[in-house]
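1. have a look; sequence and predicted model below, questions after that.
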Amino acid sequence: MRKQIAAANWKMNLTYQQGTALLQTLVSAEIKLKENHVAVFAVPFPYLEMAIDTVHHKYNYFISAQNCSDKKSGAFTGEVSAEMLKSLNVTYCLVGHSERREYFREGNQMLAEKINLCLANEITPIFCCGEALQTRDIDQQNTFVEQQLRESLFHLSEEALLKIVIAYEPIWAIGTGKTASTEQAQEMHAHIRSVLQNQYGAPAAEQISILYGGSVKANNARELFASKDVDGGLVGGASLIATEFIEIIKALK
């Protein structure tokens, strides 16, 4: 069975003290994950070591970086390399979040380099893809997302592909309070899986976890996650509220 993942993306929120308190509350909660259930916390860079220390004893709880450099090392002031993340025992890294694409102009080729560096350092990339509202309005979302996948992932071998997680983010549903309907989410997740199948075959495509990321909340998580091809969520605002994220974790199928 594919891994079912509840991934929290804190973005640029919470002080160190607030983040510590939130993680301690989550670790103390009565949550027993099944073997195929995973909880991931993408925290700001300054909090990585604290977060790893806080969750290391909790079964199937892992820490993620929110980004990494597309360069191995060198004179890139302010950047953080995949090798640095590995040295902290970071196990996941978000790659290509829509905010990185929009605000920092990260393109598909740059993201392919980040994917390569993460894998070289034994870090699982959570590769984000998704369309803006204007793309969906002209019914080009499938073509757009397929291009993102092709240009950032299809240089990988099947063995390498099986080491990544994909997160579909309808950009029009991030931080807006809008959520893709269950049908819309399932439709795109099924399309993503079919694109992977056409390139790598059905056995490989069936093993890839595909998360939904777009205003996931405690009151809609269970319905979204019940969809055949939705393997959990990449959660923003609701992951900053302990009671919300606890229910989202419990909603994993």
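-> Now that the structure is in, tell me what you want to look at. All of these numbers come straight from a predicted model, not from anything done at the bench.
2. just the strands in the stretch 1-150 of the chain please.
-> 4-9, 37-42, 61-65, 92-95, 124-129 (DSSP state E, counting those that start in this stretch).
3. out of the ones you listed, which is closest to Glu206?
-> Minimum separation from Glu206 across the strands of the stretch 1-150 of the chain (Cβ to Cβ) falls at strand 4-9, 14.0 Å. The way it works is simple: take the backbone N, C-alpha and C, and place the C-beta from them, glycine included.
4. ok and the closest one relative to strand 37-42, angle-wise?
-> Calculated by axes from the mean of the first three to the mean of the last three Cα atoms, to 10 degrees, strand 4-9 forms an angle of 10 degrees with strand 37-42.
5. just name the shakiest helix or strand of the chain by mean pLDDT.
-> Counting by mean pLDDT, DSSP states H and E, the chain has its least confident helix or strand at helix 133-137, which shows a mean of 92.
6. quick one: list the elements packing against the longest helix along the chain.
-> Longest helix in the chain by number of residues (criterion: DSSP state H): helix 182-200. Packing contacts for helix 182-200, counted by 3 or more Cβ pairs under 8 Å, 6 or more residues apart in numbering; DSSP states H and E, involve helix 141-153, helix 158-161, strand 165-168, helix 202-205, strand 210-212, helix 218-225.
7. that one vs strand 124-129, what angle?
-> Interaxial angle, helix 182-200 versus strand 124-129 (the same axes, to 10 degrees): 120 degrees.
8. quick one: helix 182-200 to chain centroid distance?
-> With Cα atoms, centre = their mean, to the nearest Å as the basis, helix 182-200 stands 16 Å off its chain's centre.
9. what comes up buried for it?
-> For helix 182-200, burial by neighbour count (16 or more other Cβ atoms under 10 Å) applies to 182, 184-189, 191-193, 195-196, 199-200.
10. for Ala226, find the nearest of the strands of the stretch 1-150 of the chain.
-> Nearest to Ala226, of all the strands of the stretch 1-150 of the chain, is strand 4-9, at 10.9 Å by Cβ to Cβ.
11. what pairs with that closest one, parallel or antiparallel?
-> strand 37-42 (parallel), strand 232-235 (parallel) (DSSP bridges).
12. okay, those, which one's buried deepest?
-> For the strands paired with strand 4-9, the largest average neighbour count (mean count of other Cβ atoms under 10 Å) is found in strand 232-235, namely a mean of 30.
13. which residues sit against that strand?
-> Identification of contacts with strand 232-235 by Cβ atoms under 8 Å, 6 or more residues apart in numbering yields 3-9, 38, 94, 126, 128, 167, 169, 209, 211-213, 216, 221, 224-225, 245, 248, 252.
14. could I get that strand in CSV with only the CA atoms?
-> This file holds the C-alpha atoms of strand 232-235, laid out as CSV (Å, rounded to 0.1, in the frame of the first residue of the first chain):
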residue,chain,number,x,y,z
GLY,A,232,-2.8,12.6,2.0
GLY,A,233,-2.2,16.3,2.1
LEU,A,234,0.3,19.1,2.1
VAL,A,235,-1.2,21.4,4.6
